[in-house]
Every structure is written in structure tokens, then in C-alpha cells.
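A.B. asks: Have a look; sequence and predicted model below, questions after that.
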Amino acid sequence: MKSPNALILILLATVGISAAFAETAQKAPSAAALNRTVSVTLPDSERVFPPGAGAEIANSQCMICHSAGMVTRQPPLSFGEWKAEINKMRTAYGAPLPAEQVEELATYLTAIKGKQ
Ligand code: HEC
């Protein structure tokens, strides 16, 4: 038979553990905390697209799934081929780029990586 002191200790430990669990549950991140935005500074080089008109579209839309280098390391393409490539990203892979930005982005990509 355990001593009454031991029983009290077990009781106190149980209460303590329950309180700890209750505290953990209260500390679960709120939806607002999960939806917070963070800012990251990417190094230069191929991590971002080279500057130019339309670069902000590429930086915001074309690095959702892969790096900028994935785009800039490809062989040069004509304006029409870039348009087709961008539309392939939209239709085959689900890139959320709005249709009305395709021309401007293709112009930019032709400027940085174009062929005749
Ligand atoms: C509009 C900006 C944008 C441009 C420009 C772009 N991508 Fe891609 N991209 C892919 C996938 C998947 C591949 C193929 C990767 C592989 O083959 O390993 C790819 C490959 C490429 C390639 C290599 C050639 C090829 O066709 O495989 C180029 C060039 C390219 N993407 C350009 C998913 C995406 C997604 C995801 C929704 C987005 C957003 C996206 N891509 C946005 C863009």
C-alpha cells in the first residue's frame, strides 16, 4: 500500500500535467498567426530575374514553383515561343499568371533571353 504522501504527489503531478496540456492548447497558433506574411531577402544572381520592364511580373509569378535560373538558363526563344512557354506554365502546370500579363511578360523574356 502506498503512503498517503505518495498518493498526494501522484495527484499533484496529474493536476500539473493536465494544466500543462491546457496551457499548450491555449498556445496553439491562431489563424491570424498562421496567415502572417514574412519577408525574405533573396541573394542576387539567378535567384531573381534581371531588371527591366516586366521583371516584377517574372519575379512575382515565375518563382512560385521554380527558380529564376530555371527560366534564364533555357535556350533563347522568340516572342511567340515565350508566349507559348508562359501559356504552357498556365495551362499545364497551373501558374496563376493573369492572361492579360502574358504579352508583357513575353516581351520582357524576349528582351532578356530572346532570339530572332
Ligand atoms: C509565368 C512565369 C513562368 C515562366 C516564364 C516559366 N515558368 Fe515554369 N515550370 C513548372 C514546371 C513543373 C516545370 C517543369 C520542371 C521540370 O521539367 O523539371 C517548369 C519549367 C519551366 C521552364 C523550362 C522549360 C520547360 O518547359 O520545362 C521554363 C522556361 C519555365 N518553366 C518558365 C511549373 C511552373 C509553375 C507552377 C504552377 C509556375 C507558377 C511557373 N512554372 C511559372 C513559370
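C.D. replies: On my side now, so go ahead.
A.B. asks: If we ignore the residues flanking it in sequence, what's nearest the residue nearest the centre of the chain?
C.D. replies: Closest to where the C-alpha atoms of the chain average out (CA atoms, centre = their mean) is I64, at 6.0 Å. Spatially, and ignoring its direct neighbours in sequence, I64 is nearest to A95 (6.9 Å; CB to CB, 6 or more residues apart in numbering). Where you see a C-beta, it was placed from the backbone N, CA and C, and this is true even at glycine.
A.B. asks: Surely the one you found is in a strand?
C.D. replies: No. With the criterion set as DSSP: H, G, I helix; E, B strand; the rest coil, the secondary structure at A95 is coil rather than a strand.
A.B. asks: tell me the domain ranges of the chain?
C.D. replies: Listed domain ranges for the chain are 4-34, 45-113 (source: automatic domain parsing).
A.B. asks: nearest to the ligand, of these?
C.D. replies: Of all the domains of the chain, the one in closest proximity to the ligand, counting by CB to the nearest ligand atom, is domain 45-113 (2.9 Å).
A.B. asks: Can you flag the weakest of the domains of the chain by average pLDDT?
C.D. replies: In terms of mean pLDDT, the lowest-scoring of the domains of the chain is domain 4-34 (a mean of 65).
A.B. asks: Around the ligand, pick out the residues from the protein.
C.D. replies: Contact residues (CB under 6 Å from any ligand atom) of the chain with the ligand: 61-62, 64-66, 70-71, 74, 85-86, 88-89, 93-95, 97, 105.
A.B. asks: could you redo the last one with a cut-off of 5 Å?
C.D. replies: Within the chain, the positions lying close to the ligand (CB under 5 Å from any ligand atom) are 61-62, 64-65, 71, 74, 86, 89, 93-95, 97.
A.B. asks: any idea which of those residues has the most stuff around it?
C.D. replies: The most neighbours of any of the residues of the chain next to the ligand, using other CB atoms under 10 Å, belong to I86, which has 24 neighbours.
A.B. asks: All set, thanks.
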